[in-house]
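Colleague: My questions concern the predicted model and sequence given below.
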Amino acid sequence: MSGAAFSTAADGDLKSDEVARQVYAVRLGISGDWATVSQVHGANVVEVDRPGNAGEADALFTTRRRLPVAVFTADCFAVALIGPDGIGMAHAGWRGATKGVVAALRSEMQEAGVSPERAYIGPGIQSCCFEVGPEVLSRFEGYTSTTTWGTTSVDIKAAVRDQLAGLDVDVSDACTRCGSGHFSYRRDATTERMAGVAWLE
């Protein structure tokens, strides 16, 4: 059975705090040795077969059983793709979304013979709080929205979801900025990060 999970602030800084990561992994019943990447807000995808940092990328996938793969977020969206023979995770902020990081992960998995059937979009900054200027707005044609205080925003989550057409998609509606219980870079300029982690049993 494959799975995916998205941590909250109560779980601690899973990017930097190794003890917190191990505690969280035990709670999920998975290994605490995760495959990760150095996130650069791009669309590069890597296939991994061992724990540790696999270099600069914003998405990773594996066909190795019991190897958790993870990305770290504090307003960006963690997106899990789950198939019967492989799993992947993408880190999708506005830059990654416009570069098609989720679509790139899906494509790379399919080229490797892994066919995602289900996707999970974790908590992230929602259109209620993602105020943007014209330089960002111009990259999200069709996804314009409005913040709760009346300024222009974009709906990153909707843009990401559209890269998952044809899959069974489970979406979190939690906003990391105005909701409770999540780290938010835009709200607090925090260096702490939550994790989106997926695994193949």
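Modeller: Thanks, I have the structure now.

Colleague: check which helix or strand covers V37.
Modeller: In this assignment (DSSP states H and E), V37 forms part of strand 35-38.

Colleague: tell me the centre residue of this structure?
Modeller: Residue closest to the average C-alpha location in the chain (C-alpha atoms, centre = their mean): A78, at 1.1 Å.

Colleague: what helix or strand does the nearest residue to that residue once chain neighbours are set aside sit in?
Modeller: Sequence neighbours aside, G196 is the residue nearest to A78 in space, at 2.4 Å (criterion: C-beta to C-beta, 6 or more residues apart in numbering). Backbone N, C-alpha and C define where each C-beta goes, glycine included. Assigned by DSSP H and E, G196 falls within strand 194-199.

Colleague: so what does that strand touch, helix or strand wise?
Modeller: Secondary-structure packing of strand 194-199 (3 or more C-beta pairs under 8 Å, 6 or more residues apart in numbering; DSSP states H and E): strand 3-6, helix 18-28, strand 69-73, strand 77-82, strand 87-92.

Colleague: repeat that for 6 Å
Modeller: The contact analysis (3 or more C-beta pairs under 6 Å, 6 or more residues apart in numbering; DSSP states H and E) places strand 194-199 against strand 3-6, strand 69-73, strand 87-92.

Colleague: Next, the angle from it to strand 77-82.
Modeller: Taking axes from the mean of the first three to the mean of the last three C-alpha atoms, to 10 degrees, strand 194-199 and strand 77-82 form an angle of 10 degrees between their directions.

Colleague: distance between strand 194-199 and the chain's centre?
Modeller: Computed by C-alpha atoms, centre = their mean, to the nearest Å, the chain-centroid distance of strand 194-199 equals 8 Å.

Colleague: please begin residue numbering at 59 from this point
Modeller: Will do, 59 is the new start, and the previous item becomes strand 252-257.

Colleague: quick revisit: quick one, which of the helices and strands packed on strand 252-257 is packed in tightest?
Modeller: Comparing these by mean neighbour count (mean count of other C-beta atoms under 10 Å), strand 145-150 ranks first with a mean of 30.
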